[in-house]
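Enquirer: Prediction below, plus the sequence it came from.
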Amino acid sequence: MCFYPGDFMKVFIRVEENGVKDVKYQIKGCPASIACASAMTELAMGKPLDDAMFITDDDIVAALDGLPEFKVHCSALGATGLAHAIIDYFERSVKKG
């Protein structure tokens, strides 16, 4: 889960063969946050986990061809949410043994 003032996102990933097979999200936020979440899913799909883990705020902004300066922080919601989902996947994998 990822929180920013007034915004909330939870990211779910499906992993197959050490790659991101599918990405879903639940979000409560402004239209810019929703656009960033959608761009994040497009960037992450099909990538190996190692590559998806390092999708940045700047990658998301670039995928959207930019955002207004006062909305650039919304891109952090998508990048951070994805990183948290991947970390959670690895933690659960270790526990399964």
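Expert: Received, thanks.
Enquirer: where does residue 7 fall, phi/psi-wise?
Expert: Dihedral pair for residue 7: phi -120, psi 150, per degrees, to the nearest 10.
Enquirer: Please name the nearest non-neighbouring residue to it.
Expert: Excluding the flanking residues, the one nearest residue 7 by Cβ to Cβ, 6 or more residues apart in numbering is residue 29, at 3.6 Å. Where C-beta positions appear, they are placed from N, C-alpha and C, glycine not excepted.
Enquirer: Count the residues that sit near that neighbour.
Expert: Using other Cβ atoms under 10 Å, residue 29 has 17 neighbouring residues.
Enquirer: Next one: it relative to residue 49, how far apart?
Expert: Remark: distance between residue 29 and residue 49 (Cβ to Cβ, to the nearest Å) = 25 Å.
Enquirer: what residues are up against residue 63?
Expert: The neighbours of residue 63, taking Cβ atoms under 8 Å, 6 or more residues apart in numbering as the test, are 39, 42-43.
Enquirer: Check residue 68 too.
Expert: Contacts were defined as Cβ under 8 Å, 6+ apart; by that measure residue 68 touches residue 32.
Enquirer: Can you pull the phi and psi angles for it?
Expert: Here is the backbone geometry of residue 68 (degrees, to the nearest 10): phi -60, psi 150.
Enquirer: Tell me the pLDDT of it.
Expert: Per-residue pLDDT puts residue 68 at 93.
Enquirer: distance of it from residue 43?
Expert: Distance, residue 68 to residue 43, by Cβ to Cβ: 20 Å.
Enquirer: and if you look at residue 55?
Expert: Distance of residue 55 to residue 43, computed by Cβ to Cβ: 5 Å.
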